[in-house]
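Novice: sequence-free structure coming up:
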């Protein structure tokens, strides 16, 4: 069994990792590090796990685990890895944005591969260090990469996406206070969301002449899980042709599927799936992309990367039943 | 007291009209026509009204009322007015889309004025027949008209808006079934929503050279009331200058206010207000516009039009307490 | 115009008071005291008020106002009134639980009357100091007092009530964090909620032989506003007889109405109403009582008390349009 | 592989069965019968299954399957089994209430065992026909059976439970219309819910002297999945003693766990778990019991029964990741 360690165990992404690893047939949780919760039962924090594990948070780190997941706040992975070193064979999968961009990808002798399996599968399979993509970034890249592969992103791209409140993490905040968020809607960081960097980087990887704007409006929805993203751009190709390109691009994807029907968010909530829908109106191509921000957009993708690194079947431990309702 | 009649009394917009008229200091409900509910208490259908009115639905029409509100499904206002005629002094305010577009505005000798007070106040004050604007159309026009007034809509406009489930009416439907809609998100009629016609018409009224696209994505939110709309377009004017134009445009508006802060939907829910926020990112001007779809987007605006027609103070009966939470 | 001051202006009950007073035809806001927000616009905190008031929070107190509303946390009203004294004619309406119970009702020469108008109208009309009832306490008392008046509470009473998240206030807390509360349900303080004291006190006021238990389960609902309370007890009286007693008890009540039909919470949300429904199953009498926790259960009732004290029409400024959806 | 057939494939419980069977390591779906959807893709109705199965609904029945699940409306299982007969070795698991009560348990030569594993495991293991328990009935029995086993139900039991909207099924109805249900709360069938029969039958099975009332208030919550049930009764036993009895009763239960901490519904949503919490206030014992109405309360329990009948590991295919948020 692959021995897995988790750093920063009290947050949402760590909780999801624990849920997934507890059911993973080829991996097991070696330790969950949380200084604030050391000594407490994991199920005291992630309370749905009552009856499933008696394991406790620890303040001790086993530097010899097979795989280490970093679930720290953005900026904290670097400082953590500066203070702690791990065995030469330990694989590290970082869920923050610390190592996603090329200029950050090499750190203390480690080279981080951007862990979007639909883009970089071969590289991931041979990687030791993974920068796990952002949640919005995952949804939006999966909407756009097939176009980039064929140099079809020749105009500005207009992206509107809505995320659930888990996207803002466990920290209490006014915009996650129930009386505020319930039945409400708002946006934040219009056109300047931090995920634009990794999106642009991946697009350029496939279409290096891409020089247009991605105009991205991120919104806060009054639901807990999931990202519903739409993107549209000018495109003169025929819709059927485009559908073929997308289906070809995702032919071997374990979790991404092109739907011929319009989508609604709950088709993917609590799964590791991404569903894509294509629609054409005059010369505008509209792409819809939906994921669960915590699974495909974070911890599920991290496990997917783990599976790839260790040569396991891609979907191992990730064939999750949708909650759907 | 102004005597008001309501046709099609069992729907959401009729319910809101009844709520508003019951509290209106200068008007009273003469009759509420509903063939399917004739003889039943109004409060049996609009159940929050228990204890507030003992009035019943009727299948008889008083053709002599001062003002008549048509709350019929789209297409049914015309057929209703073909079958029923009213006193020469009866004002008619139609909440459907039957008479909103110029080619439809003259019907059986009646001339319908498009009832957006921020655009057509003087004409409304002298009108006898009003075509009350659509809900999305209200939010989006209020976002764009100040630009049109100054010929500043010179590029495509990208609109994304989310509406609550009341927007789909009282008819039971799969996309309003709670287990489907709860914590869900989806779009419908991408780029082809029927309100684009009236939006374009009003913009052209102010800026007759407007020839660009309005790319409108309408979405279904998992809340009950309200519309959160964003629109962006290329604009080289300075943000402060734009703010001034908007504030000038809405200087005498009874319900529309420019906010210096970012908005969230619940600021206007259950009120007749529209709040507008302006933001600039590079050469993109982002306008946010929020309304309640049932009040400002329908019945509240209808009462506003009634107030204007009868020479009453504009906000009479419309200074509603926000629910806010 | 009655000059009103508000102490503790940033919380939910203060916000509701401000909303109500801004529309009240016989009162106006003299000052809103908040040390933490002094100098800021009221509409910066209560953001739905944008466009309705330019007033600011202040750290200065006008000790000469006609009426003072205390919107402080429980325990803080006493300490506030120890530090500040007001003009001899200033009426004080306290929304905390500091003065609701008889042993607490006399404080620094002030005598606080328990401000439940359905129970103590005459006393309130002559009062200078009011202890405004608790939200759960209001709903539950209105369910039970007509029975108490006729000595019909002879058995244990089983109460189950659900409150919205605004009941827990503006302070951020784990059980009001959206990802936790959304689509969730839980109880708290089973059988020991602090409102049991005032409920028992009022029942005994009408039925001094009452010596049975009130078994009260308070629950957290995943909605923002409102209390849905059910109570049942053994009762051999005929249902029709009981309905008559309730209708007689509430005959002159401005806001409380007996419904012949089953109730659902949104019939009263964002209104000052209480709806009561009576049902009999064998020898069990089931009473349902629904209110909005912030209006009838707090600030609306406070305004109702103000109206009574100043000899105004009871429902002045309180005929609120339900949000309903 | 166990070949499974599903009758009535378009409803919520059938959808959950399909989701579970698609992931079950020892069973596979042989056919899904739905006359109204015959020929359509299963994923056209259960749309989260897109990308997971290409199977279609059929109007043909394989009478030779190993196990047949009946997901028909109450009353329709009997008429279905009158019209169709199956191979002598086909196991039948009925999810309706047609065969749950003793007088209904023998039908056309088939004897239906009440399929609550915590109560009847041995009998289920040897059964060929199973009457799968109701959702409320499951939660409430699991709250009360350990007391019944020790003859400790000597007083009336007061039960309050809230269910999600999926409990009302896929049929469109006014109380499941989003604008009605959203942020609302209501009860139905007070004290007369049809599950009282099976609850009483199971209690009597363990405590045949039980002759008190179970006063059950069922409520509609504004969430989609889950049942939160509380029950209290007079009990003089010590809390620690009671906890021991419950832990002993559920010692070998695959999915039911006693929690030392207070519960909230989302701990079990989208899992097959039941969590139980015990609390004592004076002489009142309060038992909380939470389940997901569609899994543990319906389809998950049906699979559990299948596992038992076929001698499989109890939790096979049922170790589901909680959605939790």
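Specialist: Here it is on my side, so go on. It should be emphasised that the depicted structure is a prediction, and the values quoted were computed from it without experimental measurement.

Novice: When you work out contacts or count neighbours from here on, use the C-alpha atoms and nothing else.
Specialist: OK.

Novice: and the residue lying closest to residue A:63 once chain neighbours are set aside, how many residues sit next to it?
Specialist: The shortest distance from residue A:63 to any non-neighbouring residue, by C-alpha to C-alpha, 6 or more residues apart in numbering or on different chains, is to residue A:86 (4.6 Å). Residue A:86 has 17 neighbouring residues, counting by other C-alpha atoms under 10 Å in any protein chain shown.

Novice: In chain A, what residue spans correspond to helices?
Specialist: For chain A, applying DSSP state H gives helices covering A:12-22, A:42-45, A:76-83, A:117-125, A:135-149, A:178-181, A:196-206, A:239-249, A:300-309.

Novice: any chance of the ones you listed in CSV, plus mean pLDDT?
Specialist: Formatted as CSV, these follow (pLDDT from 0 to 100):
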stretch, mean pLDDT
helix A:12-22, 98
helix A:42-45, 98
helix A:76-83, 97
helix A:117-125, 98
helix A:135-149, 98
helix A:178-181, 98
helix A:196-206, 98
helix A:239-249, 98
helix A:300-309, 98
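
Novice: okay, those helices, which one's buried deepest?
Specialist: Most buried of the helices of chain A, by mean neighbour count (mean count of other C-alpha atoms under 10 Å in any protein chain shown): helix A:178-181, with a mean of 28.

Novice: domains for chain A, by residue range?
Specialist: A:2-131+A:296-309, A:135-293 (automatic domain parsing).

Novice: For chain C, what is the nearest residue in the stretch 51-200 of chain A?
Specialist: Relative to chain C, the nearest point of the stretch 51-200 of chain A is residue A:178 (4.6 Å; C-alpha to the nearest C-alpha).

Novice: That residue contacts residue C:183, doesn't it?
Specialist: No - using C-alpha atoms under 8 Å, residue A:178 is not in contact with residue C:183; the gap is 11.0 Å.

Novice: Relative to chain D, which residue of the stretch 1-150 of chain A is the closest?
Specialist: residue A:48 (4.0 Å).

Novice: Grab the nearest non-local neighbour of that residue.
Specialist: residue D:267 (4.0 Å).

Novice: Point out the residues in chain A that sit beside chain D.
Specialist: A:19-20, A:23, A:47-51, A:166, A:224-225, A:257, A:259, A:266-268, A:270, A:319-325 (C-alpha under 8 Å from any C-alpha of the partner chain).

Novice: Out of these, which end up buried?
Specialist: The neighbour count (16 or more other C-alpha atoms under 10 Å in any protein chain shown) marks A:19-20, A:23, A:47-51, A:166, A:224-225, A:257, A:259, A:266-268, A:270, A:320-325 as buried among the residues of chain A next to chain D.

Novice: Up against chain B, what does the stretch 151-300 of chain A have?
Specialist: A:158, A:160, A:179-180, A:182-187, A:191, A:221-224, A:228, A:263-266, A:281.

Novice: Make a ChimeraX selection of whichever of the residues you listed turn out to be buried.
Specialist: Restricted to buried positions by 16+ other C-alpha under 10 Å, the ChimeraX selection for those reads:
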select /A:158,160,179,180,182,183,184,185,186,187,191,221,222,223,224,228,263,264,265,266
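
Novice: So which of the residues of the stretch 151-300 of chain A next to chain B sit within strands?
Specialist: A:158, A:160, A:186, A:187, A:228, A:281 (DSSP state E).

Novice: Please identify the nearest residue in space to the residue in the stretch 1-150 of chain A positioned nearest to chain B, excluding sequence neighbours.
Specialist: The nearest approach of the stretch 1-150 of chain A to chain B comes at residue A:139, 14.7 Å away (C-alpha to the nearest C-alpha). Using C-alpha to C-alpha, 6+ apart and skipping the chain neighbours, the partner closest in space to residue A:139 is residue A:289 (5.7 Å).

Novice: Residue ranges in chain A under the pLDDT threshold?
Specialist: Of all residues in chain A, none has pLDDT under 70.

Novice: Around chain C, which positions in it sit nearby?
Specialist: So far as C-alpha under 8 Å from any C-alpha goes, chain A lies against chain C at A:165-166, A:172-174, A:176-179, A:181-182, A:223-224.

Novice: circling back to that earlier point, identify the residues contacting the residue of the stretch 1-150 of chain A closest to chain B.
Specialist: A:227, A:229, A:274, A:289, A:290, A:291, A:297 (C-alpha atoms under 8 Å, 6 or more residues apart in numbering or on different chains).
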